[in-house]
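Novice: Turn this into a structure:
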Amino acid sequence: MSLNKSPFFELRSGSVDTLLFVVKTTDLDALKSELTRRFEATPEFFAGDVVAIDVRRLADDERVPLDELTALLGEVRMRALGVVAAPHQAEWAARGGLPLLEARDRRAAPSKGEQAGAAAPQPADVAAPVPPQVAASALVIDKPLRSGQQIYAKGDLIVLGLVSYGAEVIAEGNIHIYAPLRGRALAGVHGNHDARIFCTCLEPELISIAGIYRTSENPLPPELLGKSVQIRLADERLIIEPLRLT
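Specialist: Numbering: from 1, shown residues only. Just a heads-up that it's a prediction; the model follows:
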C-alpha cells in the first residue's frame, strides 16, 4: 500500500468559516456582564458555536488573559478555536494555548490608534440608503417557515412566506422577506458588514447583521413594529429605518 494513502483517514487542505469574537476591552468583568446581559434572552442562540478570538482592536500596550477569556466564552456555550492577532500581538497571543489563525474577513479590524486618526463617519441618520440589490445566486423560499425550521443561504436569501415564531433564516448576504418576520433573521453571518435585511412586516424575535443583533427584549417603537423596513449597520450599530415602497 502506498505510504501516501490510508483507508482510515486523510489530511487535506481546506478552510472553515467561523464567527469572530472581537475583543474591545481587557476588563473581563465588564465582558462577563455584557455577555450575560446580551445572551440571557436567547440562551440557545450561540450554544455550541465555535469562535475565533480577535484581539486586533486592542491597543498596542493592552493584553487580555486568553485562557480566562476562553473559559468565559464557555460559560455562554461558545467554544474558542483560535486567536486572530496583529503581527505585533502574536508573541503574547500565542501564550494562551490557542493556535494563531489568519482571518479573511472583508473588513479589517483597525487598532485604536488607527480609529483615532480616521476621518469621522457621517451620522447614521443622514446616511443615504442604498437601493436593494439581490445577488444572482439568491436562494428563493416560497413557502411559510414553521417554528423550528431553519434556512441557510450562501448568498442572498429571498423569503416569500411568513417566518413564524421559532423559525430562523440565515444568509451570508442580504435577506429579503416579503411577508411578516416573526422569527429570527441573521444576515451577513460571516462578517459581511454591508449586508442588509429588508422586510415588509417587522415583528421579529431577533435580527442580526454580521453578529450585531437585537432581540425582542428590546421592543421596537410603534413606527417600526409591523412596518416595512430596511436594517443595516452603521458604526457597528443596527439601524432600522422605514422602507418606502412607493
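
Novice: Could you chop this structure up by domain?
Specialist: 19-113, 134-242 (automatic domain parsing).

Novice: Distance of the spatially closest residue to residue 160 that is not a sequence neighbour relative to residue 172?
Specialist: Excluding the flanking residues, the one nearest residue 160 by CB to CB, 6 or more residues apart in numbering is residue 142, at 4.5 Å. For glycine as for every other residue, the C-beta is placed from the backbone atoms N, C-alpha and C. For residue 142, the distance to residue 172 (CB to CB, to the nearest Å) stands at 20 Å.

Novice: So these two - more neighbours on which side?
Specialist: residue 172 (20 against 9; other CB atoms under 10 Å).

Novice: Check the more buried one and give its pLDDT.
Specialist: We note a pLDDT of 89 for residue 172 in this prediction.

Novice: who's in contact with it?
Specialist: 153, 154, 155, 188, 189, 190, 192, 195 (CB atoms under 8 Å, 6 or more residues apart in numbering).

Novice: try 6 Å this time
Specialist: Going by CB atoms under 6 Å, 6 or more residues apart in numbering, residue 172 touches 154, 189, 190.

Novice: Then residue 143?
Specialist: So residue 143 contacts residue 161 (CB under 6 Å, 6+ apart).

Novice: For my notes, confirm it occurs in a strand.
Specialist: No - in this structure, residue 143 is coil, not part of a strand, as judged by DSSP: H, G, I helix; E, B strand; the rest coil.

Novice: just to revisit the earlier point, lowest-confidence one in the contacts of residue 172?
Specialist: residue 190 (83).

Novice: which stretch of helix or strand covers that residue?
Specialist: Using DSSP states H and E, residue 190 sits in no helix or strand.

Novice: Roughly how far does it sit from residue 173?
Specialist: From residue 190 to residue 173 the distance is 10 Å (CB to CB).

Novice: and if you look at residue 221?
Specialist: Distance from residue 221 to residue 173, by CB to CB: 27 Å.

Novice: what's the answer for residue 83, then?
Specialist: 28 Å.
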